[in-house]
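Participant: Got a predicted model here, sequence first, then my questions.
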Amino acid sequence: MDFTKIDFSKFDVAKMFDVDAAIASMEEANGKAIALITDAKAKSIAETVSAASFEFARAQAAAAKAFGEAVKKAIQI
């Protein structure tokens, strides 16, 4: 494949994979799993760690999107 002929200005990761929907789906499944924990302290810890993990995932997704936009802009220059 000749990568010199790819028009990167038309490359949009958001159209290929909906990261927000994937994270929301994982968060929902994780919440259902945590609901099965019976020990109050363990459940609280799991909820706290889970919430932090999903906040991190959303921040990473936003950073990746911003990076992709920056690359597209740089290629257009």
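Facilitator: Everything's here; your move.
Participant: For stretch 48-58, which residues meet the burial criterion?
Facilitator: For stretch 48-58, the neighbour count (16 or more other Cβ atoms under 10 Å) marks 50, 54, 57 as buried. Glycine gets a C-beta too; all of them are placed from N, C-alpha and C.
Participant: Of those, which belong to helices?
Facilitator: If you go by DSSP state H, the buried residues of stretch 48-58 have 50, 54, 57 in helices.
Participant: Among those residues, which one sits closest to residue 44?
Facilitator: residue 50 (10.7 Å; Cβ to Cβ).
Participant: Now do the contacts for that closest one.
Facilitator: Each residue near residue 50 by Cβ atoms under 8 Å, 6 or more residues apart in numbering is listed here: 27, 30-31, 34.
Participant: So which of the residues you listed is the closest to residue 63?
Facilitator: When these are compared against residue 63 (criterion: Cβ to Cβ), the nearest one is residue 27, at 18.4 Å.
Participant: Tell me who's in contact with the closest residue to that closest one other than its chain neighbours.
Facilitator: Spatially, and ignoring its direct neighbours in sequence, residue 27 is nearest to residue 54 (5.0 Å; Cβ to Cβ, 6 or more residues apart in numbering). Going by Cβ under 8 Å, 6+ apart, residue 54 touches 23, 26-27, 30.
Participant: Just the buried residues out of those residues, in PyMOL syntax.
Facilitator: To isolate the buried ones among these in PyMOL, judged by 16+ other Cβ under 10 Å, type:
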select buried, resi 27+30
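Participant: Next, format the contacts of residue 54 as CSV and append secondary structure.
Facilitator: Converted to CSV, the contacts of residue 54 look like this (DSSP: H, G, I helix; E, B strand; the rest coil):
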residue, secondary structure
23, helix
26, helix
27, helix
30, helix
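Participant: and the gap between residue 43 and residue 36?
Facilitator: 9 Å (Cβ to Cβ, to the nearest Å).
Participant: okay, the two: which has more neighbours?
Facilitator: residue 43 (14 against 7; other Cβ atoms under 10 Å).
Participant: Among the contacts of residue 50, which pair sits farthest apart?
Facilitator: 27 and 34 (10.3 Å).
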